[in-house]
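Enquirer: what follows is a predicted structure for the sequence shown.
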Amino acid sequence: MEDTAAKVAQGDGSARTDSPSPGTPPGPGLFALGSTLALGAVLALLSTTIVSVGMGTLASVFSVPLSTVQWVGTAYLLALAVAIPVAGWAMDRFGERTLWQIALVVYLLGCVLAAVATTPGLLIGSRVVQGIGAAMFEPIMLTVLARAAGPKRATTVLSLIQIPITLAPVFGPMVGGVLLDNLDWRWLFWFNVPLGLLCMVLAQRVMPADPPRSQRPSSRLDLTGVALLPAALAGLLLGLSQLSGGGDGTVAVVSFAAGAVLTALYVWHALRTSGVPLIDVRLFRRGRFAAAALGAFLFGGSVYGAMFLLPLFFQQAGGFGDWTSGLLLAPQGVGTVLILPLVGRLVARFGPRTVVLGGMLLSAVATVGYTMLDPRDDTALLVVCLLVRGIGLGTTLAPALSTGFGSITPEETGRASSALIASIQLGGSVGTALLAIVLQQQLRTRLGASGATASAATSPHLTGPLVDAFGAAFWVAIGLCLLGAVVAFFLPGPARDEESATA
C-alpha cells in the first residue's frame, strides 16, 4: 500500500504539511479539520455525561427502579466497546470521510429514537444504536489527524483537539442539569441532533476525499474476531457493571468468566490468523505501542473513574445541587485547557517519558486532597486541587498517543487508532466500575446496608463517614495515576537521547 499520509495530504490541500518543526502550530486547514473531527468526539462524550444527571428523572418518568434505568448509560458504553474494534476494518473498507458520515447518520438515528421512546426497553435499545454510531468518531479522528499532521506535529495537533474533548465530560452534567430544569428529559437526546447535523455539513467540506476503492486496503472483515471480541468485551463490562451496581453476584461472575475465556480465545486467534485481525494484538509486541496503549488505558481510568466519583462527592458529602456540583468540576477542564497548547513544546524539549511521568505524578498529588478534605469547609482548596489535577492529566494522553503512532507504519494507522481508542474506553469503564465497587463497599461499611444507598443520597450532612468513604475510593484513583507514572518509564525520552542511543 502507498504511503497513506501522502495521499491524505494530496486529497484536497486542507491538511498539507511542509516539513514543520516539532511544536509548530497547525495551519488553518489542519485546524479546521481538527475542530470538525473534535466536534464528533465531543458528541460521543456528551452522550455519556449529559444523561448521567437525568437517571433519577428517567426512573420517575418510566416508573422503574434505578437498577433498570442505569442500563440507559451502560448500554451506550457497551455499544461503544463492542463497536470500536470494527472501526479499523470499516475505515479501510469505506474510507474515513464516508464512514464518518455513515456513523453520524446512525448516531443521529439513535438520538431521535431515544427522544421519542415510550418505554425503557425502547430507550435502552436506542442508546445501543447511538453507541454504535458514536464508536466510529474517535478512531476516525485519530487516524485522519495523525496522517494529516505527520509525526512532527502529531503531539501538537492531538493536544489541541483534546481541549474540547476534555471539556465535554466536565460540562456535560451542567448542560444536562440546565435542560432538565428548563425543558424535559427528551431534550437530553434532542440536544445532540443540531450539533450532529452541523458536524455532517462541516465534515463534507473539510475532510480529505477518500482515495478510490482500488487504492484502499482490501482486507477482509475478521468474522471470527467479530464473533469473539465484542462478546468478550460485553461479558467483561457486564460483569463489572453488575458488581458496581450491586447486581446479581452469580450473573457478575459468570459474565466476567465468559468474557475472560472469550478474550483468551480471541488473542489466540489474532496471533495465529494470516489475515488482519479485528484488533491487531501483534501491534502490542512493539514495546512503545504497548506502553502507549497501557498509558491510554490508565488515562481513561483516571479521568472517567474520577468523573464518576467527583459529582457524587460534591452532591452527597457536600450537599451541593446538580448545577453547582457540575460547576465545581469545571476547574479540571480549565487546567487541561491551560496546559494543552504547551504540551507539544514540552514533549519536543523533554520527551514523552518525562512529560507523562510528571503529569501523572502531579495528578496523583493533586488528588490526595480529596482523601482528607471536607467538601463544605474546604471547597476552595478542593477547587485548586482539581485545577492542578487537570494540568497534570492534560500532559499525559497526547504524548502517549503520538508515541503509539510513531511506532507503526502508515498502513497500520487505522488499526492502531482502534486499539488506542478502545484502550481509553475500556480504561474508563474499568476505572469507573472499580471505583464504584470500592465506594459502595466503603459506604456499606461506614453507614450500614441502607446507608450505601438511601442515606448517602438523602443525608448529605453526614460528612464524616461520607468523606472517609469517598476518600478510600479516591486512593484507588491515585493508584491509577501512579501506575500511569510507572508506564511512563517505557516511553521514549528526549529526541537527542534517542538519536544518541541509535547512533
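Expert: Arrived safely.

Enquirer: domain ranges for this structure?
Expert: 25-222, 224-265, 279-503 (automatic domain parsing).

Enquirer: got these as TSV, with distance to Thr273 and mean pLDDT columns?
Expert: C-beta here means a position set from N, CA and C on the backbone, and glycine is covered the same way. Formatted as TSV, these follow (distance: least, C-beta to C-beta, whole Å; pLDDT from 0 to 100):
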stretch	distance to Thr273	mean pLDDT
domain 25-222	7	80
domain 224-265	7	79
domain 279-503	10	80
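
Enquirer: mind checking these for the one nearest to Leu271?
Expert: domain 279-503 (6.4 Å; C-beta to C-beta).

Enquirer: picking up where we left off before, redo the domains of the chain as a markdown table? Include mean neighbour count.
Expert: As requested, these are exported to a markdown table (neighbours: other C-beta atoms under 10 Å):
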| stretch | mean neighbour count |
| --- | --- |
| domain 25-222 | 20 |
| domain 224-265 | 18 |
| domain 279-503 | 21 |
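
Enquirer: state the helix or strand in which the closest residue to Gln332 other than its chain neighbours lies.
Expert: Nearest residue to Gln332 in three dimensions, chain neighbours excluded: Gly390, at 3.8 Å (C-beta to C-beta, 6 or more residues apart in numbering). Taking DSSP states H and E as the definition, one finds Gly390 inside helix 379-394.

Enquirer: what sits up against that helix?
Expert: With C-beta atoms under 8 Å, 6 or more residues apart in numbering as the test, helix 379-394 has contacts from 159, 162, 166, 299, 302-303, 306, 310, 318, 328-329, 331-340, 343, 358-370, 373, 375, 481.

Enquirer: please export the C-alpha coordinates of that helix as PDB.
Expert: Output in PDB follows, covering the C-alpha atoms of helix 379-394 (Å, rounded to 0.1, in the frame of the first residue of the first chain):
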ATOM      1  CA  THR A 379     -14.300  23.900  48.800                       C
ATOM      2  CA  ALA A 380     -11.800  26.500  47.600                       C
ATOM      3  CA  LEU A 381      -8.800  24.300  48.300                       C
ATOM      4  CA  LEU A 382     -10.500  21.300  46.500                       C
ATOM      5  CA  VAL A 383     -11.200  23.500  43.500                       C
ATOM      6  CA  VAL A 384      -7.400  24.400  43.400                       C
ATOM      7  CA  CYS A 385      -6.600  20.700  43.700                       C
ATOM      8  CA  LEU A 386      -8.900  19.900  40.700                       C
ATOM      9  CA  LEU A 387      -7.300  22.700  38.700                       C
ATOM     10  CA  VAL A 388      -3.800  21.200  39.300                       C
ATOM     11  CA  ARG A 389      -5.100  17.700  38.600                       C
ATOM     12  CA  GLY A 390      -6.400  18.900  35.200                       C
ATOM     13  CA  ILE A 391      -3.000  20.300  34.400                       C
ATOM     14  CA  GLY A 392      -1.400  17.000  35.200                       C
ATOM     15  CA  LEU A 393      -3.800  14.900  33.200                       C
ATOM     16  CA  GLY A 394      -3.600  17.300  30.300                       C
END
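
Enquirer: and that helix, how far from the chain's centre?
Expert: 20 Å (C-alpha atoms, centre = their mean, to the nearest Å).

Enquirer: going toward the C-terminus from that helix, what's the next helix or strand?
Expert: helix 397-406.

Enquirer: what packs against that following helix?
Expert: In terms of contacts (3 or more C-beta pairs under 8 Å, 6 or more residues apart in numbering; DSSP states H and E), helix 397-406 is packed against helix 137-149, helix 154-182, helix 287-312, helix 322-367, helix 413-447.

Enquirer: adding distance to Leu108, write these out as JSON lines.
Expert: Shown next, in JSON lines, are the helices and strands packed on helix 397-406 (distance: least, C-beta to C-beta, whole Å):
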{"stretch": "helix 137-149", "distance to Leu108": "12"}
{"stretch": "helix 154-182", "distance to Leu108": "17"}
{"stretch": "helix 287-312", "distance to Leu108": "24"}
{"stretch": "helix 322-367", "distance to Leu108": "25"}
{"stretch": "helix 413-447", "distance to Leu108": "21"}
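
Enquirer: closest to Ala75 out of those helices?
Expert: Judging the helices and strands packed on helix 397-406 by C-beta to C-beta, what sits closest to Ala75 is helix 413-447, at 12.6 Å.

Enquirer: what angle separates the closest one from helix 397-406?
Expert: Using axes from the mean of the first three to the mean of the last three C-alpha atoms, to 10 degrees, one finds that helix 413-447 and helix 397-406 are set 140 degrees apart in direction.

Enquirer: and helix 413-447, what does it pack against?
Expert: Using 3+ C-beta pairs under 8 Å, 6+ apart as the test, helix 413-447 ends up in contact with helix 71-83, helix 87-94, helix 137-149, helix 223-244, helix 287-312, helix 397-406, helix 463-488.

Enquirer: turn those helices into TSV, including distance to Leu435.
Expert: Shown next, in TSV, are the helices and strands packed on helix 413-447 (distance: least, C-beta to C-beta, whole Å):
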stretch	distance to Leu435
helix 71-83	15
helix 87-94	27
helix 137-149	22
helix 223-244	8
helix 287-312	5
helix 397-406	19
helix 463-488	5
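
Enquirer: of the ones you listed, which is nearest Arg349?
Expert: Closest among the helices and strands packed on helix 413-447, using C-beta to C-beta: helix 397-406, at 12.0 Å.

Enquirer: got the CA positions of the closest one in CSV?
Expert: Coordinates of each C-alpha in helix 397-406 appear next as CSV, following Å, rounded to 0.1, in the frame of the first residue of the first chain:
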residue,chain,number,x,y,z
LEU,A,397,-2.7,11.5,26.7
ALA,A,398,-1.3,13.3,23.6
PRO,A,399,2.3,12.2,24.2
ALA,A,400,1.2,8.6,24.8
LEU,A,401,-0.9,8.5,21.6
SER,A,402,1.8,10.2,19.5
THR,A,403,4.3,7.6,20.8
GLY,A,404,1.9,4.8,19.7
PHE,A,405,1.5,6.3,16.2
GLY,A,406,5.3,6.8,15.9
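
Enquirer: possible to save the domains of the chain as CSV with distance to Leu271?
Expert: Putting the domains of the chain into CSV (distance: least, C-beta to C-beta, whole Å) gives the following:
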stretch, distance to Leu271
domain 25-222, 13
domain 224-265, 11
domain 279-503, 6
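
Enquirer: hang on, Ala258 packs against Leu237?
Expert: No. Under the criterion of C-beta atoms under 8 Å, Ala258 makes no contact with Leu237, lying 11.8 Å away.

Enquirer: so which of the helices and strands packed on helix 397-406 is nearest Leu122?
Expert: helix 154-182 (20.1 Å).

Enquirer: what about Val105, distance to Gly464?
Expert: 52 Å (C-beta to C-beta, to the nearest Å).

Enquirer: actually Leu195, sorry about that
Expert: For Leu195 relative to Gly464 (C-beta to C-beta), the value is 43 Å.

Enquirer: among the helices and strands packed on helix 397-406, which is nearest Ala232?
Expert: Comparing those by C-beta to C-beta, helix 413-447 comes nearest, at 11.0 Å.
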